[in-house]
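A.B. asks: Please work out how this folds:
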Amino acid sequence: MTDRYFEDYVPGVIYDCGSIEVSEAELLEFARRYDPQDFHVDAAAAADGPFGGLIASGWHTASLMMRLYAEHYLSTVSSLGSPGVDELRWPRPVRPGAVLRLRATVTEARRSRSKPDRGLVRTRVEFVDGGDDVVFSASVLNLMRVRPAGPDRAPAG
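C.D. replies: Residues are numbered from 1 along each chain as shown. Predicted coordinates:
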């Protein structure tokens, strides 16, 4: 993963980016600090609320996605950041104790017209729960370096 360059992100390829458990303590800590709605921070109130119990903030779920995305998908030698995320969705609630698995599908890869040393990679990310239901999805755009030309490599292009 660490030596992946733009050319290695091929449209249609699906990556398994590992899984992560949503701990109740972290769910509560995040929500108390950043999203203090009752269904995220108060178990008693949440039990009578619209979800019938505590659920993770969607922003907490997004941050968990980013952790796995950075560790298992982005390359440390080629990642140049992201100009944005589109189509961010939380179609199902995430409960304390859920184990979420991240899959990343390359949907588009094109060389930059203005900066030929890099390309743009669009990736569909989905967090799925134990029942294989999508609980989070987004379309992420990343800038990636092209593979450098060397004495034993053909020039990129």
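A.B. asks: Please count neighbours and contacts with C-alpha atoms only from this point.
C.D. replies: OK.
A.B. asks: which residue is nearest the centroid of this structure?
C.D. replies: Met65 (3.8 Å; CA atoms, centre = their mean).
A.B. asks: Correct me if wrong: it contacts Ala104.
C.D. replies: No - in this structure, Met65 is not within contact of Ala104 by CA atoms under 8 Å, at 10.3 Å.
A.B. asks: wait, isn't Gly18 in contact with Tyr73?
C.D. replies: No - if you go by CA under 8 Å, Gly18 and Tyr73 don't touch, sitting 9.8 Å apart.
A.B. asks: the more surrounded of these two?
C.D. replies: Set Gly18 next to Tyr73 and count neighbours by other CA atoms under 10 Å: Tyr73 wins out with 21 against 16.
A.B. asks: And that one, how far from Ala149?
C.D. replies: 23 Å (CA to CA, to the nearest Å).
A.B. asks: ok, the host helix or strand of Leu102: who's next to it in the sheet?
C.D. replies: Assigned by DSSP states H and E, Leu102 belongs to strand 99-111. When pairing is defined by DSSP bridges, strand 99-111 lines up against strand 14-21 (antiparallel), strand 118-128 (antiparallel).
A.B. asks: so can I have TSV of those showing distance to Gln37 and mean pLDDT?
C.D. replies: What follows is the strands paired with strand 99-111, written out as TSV (distance: least, CA to CA, whole Å; pLDDT from 0 to 100):
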stretch	distance to Gln37	mean pLDDT
strand 14-21	21	97
strand 118-128	22	98
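A.B. asks: and those strands, which is most packed in?
C.D. replies: With neighbours defined as mean count of other CA atoms under 10 Å, the strands paired with strand 99-111 peak in mean count at strand 118-128, which reaches a mean of 23.
A.B. asks: And the next helix or strand past the strand or helix carrying Phe30?
C.D. replies: Phe30 belongs to helix 24-34 when elements are defined using DSSP H and E. Going down the chain from helix 24-34, the next helix or strand is helix 38-41, by DSSP H and E.
A.B. asks: name the helices or strands packed onto that following helix?
C.D. replies: Secondary-structure packing of helix 38-41 (3 or more CA pairs under 8 Å, 6 or more residues apart in numbering; DSSP states H and E): helix 24-34, helix 43-47.
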